[in-house]
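Trainee: sequence unknown, structure follows:
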Ligand code: WT7
């Protein structure tokens, strides 16, 4: 007998949810949008540029010198004005920009657009006093507090470049990023709160700066209090320097192609890549995608992107997209279980959140804590859900739909990257049917394809590599200081096409499914198998909470599948004899996909190694699975997990049948 959960997981693979008529009638995106954009993508983007306030309206749209694009290049604008000033000028100054919710329950701040403008102007004036000039690079290393957004907008207001470094990164990671783009200023905080405990940040900055002699000034927000090391003449308290400034600042405008931001992301080598974005194209696409994908109604929606501003998701969908669109947001400082495992559901109820955007890994964590928690809160304000960051397994998708979305909210599975700057593939709510685990199709104005090794489009029902075939406004303008590496990484695999590094397939209907990074595609006895596919199968088993699969080299089969699995069972159940369960899981995968996909080895582990952005470190797991010495583990949330898994690896037998 097949369990209900298992049956459900299998069924969802082929299930499609059509848009509801009510949603469709009210949707920002109407079906003609695709035809209009297809007919003339550049004209369509030029029209979208009208969402912004330009000091000099652009007459040019795209200039393309592969792989270097310019968008709206003769236009001039100020990013910060587009996010804040113009809403106040339009009489919307009393509208709430952010409901900021602290880690600690009961603590929150409400910031209107008018207040935000005052804060941004004060911070801008302070930066001027500290010496920041147009074009300078400013590192921002901050917790999720309003001052982080204010800092970004103040830097942008001066035509300087922010490089936000996730506050979970180590001192070493911070210093290498500061050095790579020669940041001369750092904005930080004394500490951050995590589940009620203050953890210091400033010591990491102090340590990092020992190797960064060019840093002239450090601006420090006092968040946690307590002693900090202080260097006179270098360090400045935010409350000393910012609070006494005027709340007025007359902005200048800058060319559309002025660099706005740098965001570091890891590549295949140890050195992170400084992906940079410019102003006009990035803002146009961040705002346009936010408007259509999330169907935002500026007057009524309350958007919550549950991400960190230390990642591109936070840049595009906590800061720039939503602020350009003038919406009200929730910005949350804490962890999903700060103050209790139902904290998210309380926040949604209290602030009547309408649009929730998060990552599959978080959904699976919430899922592990049980449906009773969301079920016992009023989540009826929600009307749309989104996911981003990795392929979502159908079981998590269905759980999200049922227990968070009350079976009524469309789910947008949004595919994009740090490099793409904004969403490129996603269903459009009200138009596109959704399928559990599919990003479905390219957005209007975007040209994607799935190609084989020879760069030929694959047919329906086939898999290959995801490429972008035409330039898009928010595309990265390159890797900071390394144009060669930019060409090499993205433009040589398939000449003339942007190679995203992701595997994808078109299903029988022609709809797009992301299959994970191609570096994670396995070759088992000459058969190509996606790690994601095997993970989906494992997670479809009722006992499994999360699974990470790698292809480990194998004498007979080329590669063999090794799976690392966490269970939903209680500690007591989990310590019972594991052999029968391991056997059952291997057979389950063989049954669900094919005997070729039967894992050679399944390691049951209490935890999986994840990067601080929540991605499972498959590269590391492959090293473990192949008994290689472990490389750099500094980006892990908890490096001890790896040692534990290495131990388990040597004590868990391989199945040889
Ligand atoms: C990689 C980019 C985009 C913001 C967060 C991640 C994977 C992203 C999806 C999705 C399947 C996805 C891809 C991509 N990815 N979204 N909806 N379905 N995979 O940004 O750190 O630059 O990572 O994340 O593998 O290449 P990032």
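Mentor: That came in fine, so what should we check first? The structure presented is a predicted model; accordingly, all values stated were derived computationally and were not measured. Numbering: from 1, shown residues only.
Trainee: only C-alpha atoms for contact and neighbour calcs from this point on.
Mentor: Fine.
Trainee: residues making contact with the longest helix seen in the chain?
Mentor: Counting by DSSP state H, the longest helix found in the chain is helix 113-130. Helix 113-130 is contacted by residues 84-85, 87-88, 92-97, 150-151, 153-155, 157-158, 217, 241-249 when judged by C-alpha atoms under 8 Å, 6 or more residues apart in numbering.
Trainee: 6 Å instead, please
Mentor: Helix 113-130 is contacted from outside by 84, 88, 93, 95, 97, 150, 154, 241-242, 245-249, using C-alpha atoms under 6 Å, 6 or more residues apart in numbering.
Trainee: same check, this time on stretch 479-487
Mentor: Here stretch 479-487 makes contact (C-alpha under 6 Å, 6+ apart) with 274-275, 478.
Trainee: Repeat that for stretch 576-590.
Mentor: Contacts with stretch 576-590, where a contact means C-alpha under 6 Å, 6+ apart, come from 537, 597-599.
Trainee: Report the mean per-residue pLDDT for it.
Mentor: For stretch 576-590, the mean pLDDT works out to 90.
Trainee: do stretch 532-551 as well
Mentor: Throughout stretch 532-551, pLDDT has a mean value of 90.
Trainee: List the pairing partners of the helix or strand that comes right after the longest helix of the chain within its sheet, with orientation.
Mentor: Following helix 113-130 in sequence order, the next helix or strand is strand 137-141 (DSSP states H and E). Sheet pairing here is set by DSSP bridges, and for strand 137-141 it gives strand 161-164 (parallel), strand 185-189 (parallel).
Trainee: Deepest in the core, which of these is it.
Mentor: Of all the strands paired with strand 137-141, strand 161-164 has the most neighbours on average by mean count of other C-alpha atoms under 10 Å, namely a mean of 27.
Trainee: Any chance you could list what contacts that strand?
Mentor: In this structure, residues lying in contact with strand 161-164 by C-alpha under 6 Å, 6+ apart are 137-140, 260-263, 310.
Trainee: Next to the ligand, which bits of the chain? Give me the list.
Mentor: By C-alpha under 6 Å from any ligand atom, the residues of the chain that approach the ligand are 312-313, 388-391, 413-418, 500-502, 514, 516-517.
Trainee: switch to 5 Å and redo it
Mentor: Within the chain, the positions adjacent to the ligand are 313, 388-391, 413-418, 514, 517 by C-alpha under 5 Å from any ligand atom.
Trainee: Between the residues you listed, identify the one with the most neighbours.
Mentor: Counting neighbours by other C-alpha atoms under 10 Å, residue 413 comes out on top of these with 33 neighbours.
Trainee: Regarding that one, what is its secondary structure?
Mentor: On the three-state scheme (DSSP: H, G, I helix; E, B strand; the rest coil), residue 413 is labelled strand.
Trainee: Now do the longest helix of the chain, average pLDDT.
Mentor: If you average the pLDDT over helix 113-130, you get 98.
Trainee: In which helix or strand does the closest residue to the ligand within the stretch 551-657 of the chain reside?
Mentor: Taking C-alpha to the nearest ligand atom as the measure, the stretch 551-657 of the chain has residue 613 as its residue closest to the ligand, at 7.6 Å. Under DSSP H and E, no helix or strand contains residue 613.
Trainee: same thing with residue 590?
Mentor: Counting by DSSP H and E, the element that carries residue 590 is helix 579-592.
Trainee: Tell me how far that helix lies from the chain's centre.
Mentor: Relative to the centre of its chain, helix 579-592 is centred 33 Å away, using C-alpha atoms, centre = their mean, to the nearest Å.
Trainee: Same check on stretch 557-567?
Mentor: That offset, for stretch 557-567, works out to 26 Å (C-alpha atoms, centre = their mean).
Trainee: And that stretch, what's buried?
Mentor: Neighbour counts over stretch 557-567 (16 or more other C-alpha atoms under 10 Å) mark 559-567 as buried.
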